[in-house]
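J.: What follows is a protein structure lacking sequence information:
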């Protein structure tokens, strides 16, 4: 997900931001994400708290949590721990994926506009 944050920053129409933290805070300040909690099957309060509480350090914590799963031999314990990590990650992951999709769509529209301008220029 950090790669997606970097992608958002490098393709930001307003220019690069100072840090990953700044990109994350910009994403979290949006209001669109508030619609996603129902799709993820969690309460609005839990979803908003998860978004608000997520920091860049959270990504490292989740990575370490996933890495620690390799040491678990009991499948039920493994699945329980994985489900907890996945539930923690999903809200911010959904938000970031939505932002990347919107950015990709914007870039595709810009490319289409440039192609149309080029095509119109050739027809003159």
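T.: Perfect, I can see it now. Here the structure is a predicted model, which means the values were calculated and not measured.
J.: for this structure, what's the longest helix?
T.: helix 75-123 (DSSP state H).
J.: Give the other helices and strands that that helix contacts.
T.: Counting contacts by 3 or more Cβ pairs under 8 Å, 6 or more residues apart in numbering; DSSP states H and E, helix 75-123 packs against helix 2-10, helix 20-28, helix 37-40, helix 44-53, helix 56-68. The C-beta positions use only the backbone N, C-alpha and C, and glycine is treated the same way.
J.: I'd say residue 56 and residue 23 touch.
T.: No. Counting by Cβ atoms under 8 Å, residue 56 stays clear of residue 23, with 9.3 Å between them.
J.: So the two - more neighbours on which side?
T.: Ranked by neighbour count (other Cβ atoms under 10 Å), residue 56 and residue 23 place residue 23 first, with 24 against 15.
J.: thinking again about what came up before, export the helices and strands packed on helix 75-123 as a markdown table, with columns for distance to residue 112.
T.: Output for the helices and strands packed on helix 75-123, formatted as a markdown table (distance: least, Cβ to Cβ, whole Å):
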| stretch | distance to residue 112 |
| --- | --- |
| helix 2-10 | 20 |
| helix 20-28 | 25 |
| helix 37-40 | 29 |
| helix 44-53 | 32 |
| helix 56-68 | 34 |
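J.: Which residue would you name as the spatial centre of this structure?
T.: residue 96 (1.5 Å; Cα atoms, centre = their mean).
J.: Provide a list of residues in contact with it.
T.: Listed by Cβ atoms under 8 Å, 6 or more residues apart in numbering, the contact partners of residue 96 are 1, 4, 5, 8, 27.
J.: Give me the buried entries from these.
T.: 1, 4, 5, 8, 27 (16 or more other Cβ atoms under 10 Å).
J.: Before I go, just wanted to say thanks for your time.
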